[in-house]
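Student: coordinates for the following, if possible.
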Amino acid sequence: MKKRLSLQDKAELAMKEAVRKVVERHKKTGRPLAVWENGKVRHISAAEALRRRRCSGGKANSVGTD
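Tutor: Residues are numbered from 1 along each chain as shown. Just a heads-up that it's a prediction; the model follows:
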């Protein structure tokens with residue numbers, strides 16, 4: 001039997017999917033991503049965002065989404 005997801009779990013999955021799509025789109029177009037880091041907005045490449053995500057074990061705040 002499948003476990004039913006809570007509304008919070010569904011929202012988190014939707015947010016992660018949306019971020020994944022944005023990073024993918026920016027990677028294809030070569031546009032930088034705006035991230036929040038140390039109290040400031042920074043622009044990083046999609047490749048850098050993916051590197052940070054891999055190094056941190058996939059946590060969202062490593063790509064500046066928190």
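Student: contact partners for H26?
Tutor: Going by C-beta atoms under 8 Å, 6 or more residues apart in numbering, H26 touches P32, L33, A46. Where you see a C-beta, it was placed from the backbone N, CA and C, and this is true even at glycine.
Student: show me which of these is closest to A11.
Tutor: L33 (21.4 Å; C-beta to C-beta).
Student: does that closest one have beta-bridge partners, and which?
Tutor: L33 has these beta-bridge partners by DSSP bridges: I44.
Student: enumerate the positions of the biggest helix by length in the chain that are buried.
Tutor: Assignment by DSSP state H gives helix 7-29 as the longest helix of the chain. Within helix 7-29, the residues that qualify as buried are V19, V22, V23, H26, counting by 16 or more other C-beta atoms under 10 Å.
Student: how far is it from where the chain is centred?
Tutor: 6 Å (C-alpha atoms, centre = their mean, to the nearest Å).
Student: export it to CSV, keeping only CA atoms.
Tutor: C-alpha atoms of helix 7-29 as CSV (Å, rounded to 0.1, in the frame of the first residue of the first chain):
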residue,chain,number,x,y,z
LEU,A,7,0.2,18.6,1.8
GLN,A,8,3.6,19.8,3.1
ASP,A,9,5.4,16.9,1.4
LYS,A,10,3.5,17.5,-1.9
ALA,A,11,4.4,21.2,-1.7
GLU,A,12,8.1,20.4,-1.1
LEU,A,13,8.2,17.9,-4.0
ALA,A,14,6.6,20.5,-6.3
MET,A,15,9.1,23.2,-5.2
LYS,A,16,12.1,20.9,-5.8
GLU,A,17,10.7,20.0,-9.3
ALA,A,18,10.2,23.7,-10.1
VAL,A,19,13.8,24.5,-9.1
ARG,A,20,15.1,21.6,-11.1
LYS,A,21,13.3,22.9,-14.2
VAL,A,22,14.6,26.4,-13.7
VAL,A,23,18.2,25.3,-13.3
GLU,A,24,17.9,23.1,-16.4
ARG,A,25,16.4,26.0,-18.4
HIS,A,26,19.1,28.4,-17.3
LYS,A,27,21.8,25.8,-18.1
LYS,A,28,20.4,25.5,-21.7
THR,A,29,20.2,29.2,-22.2
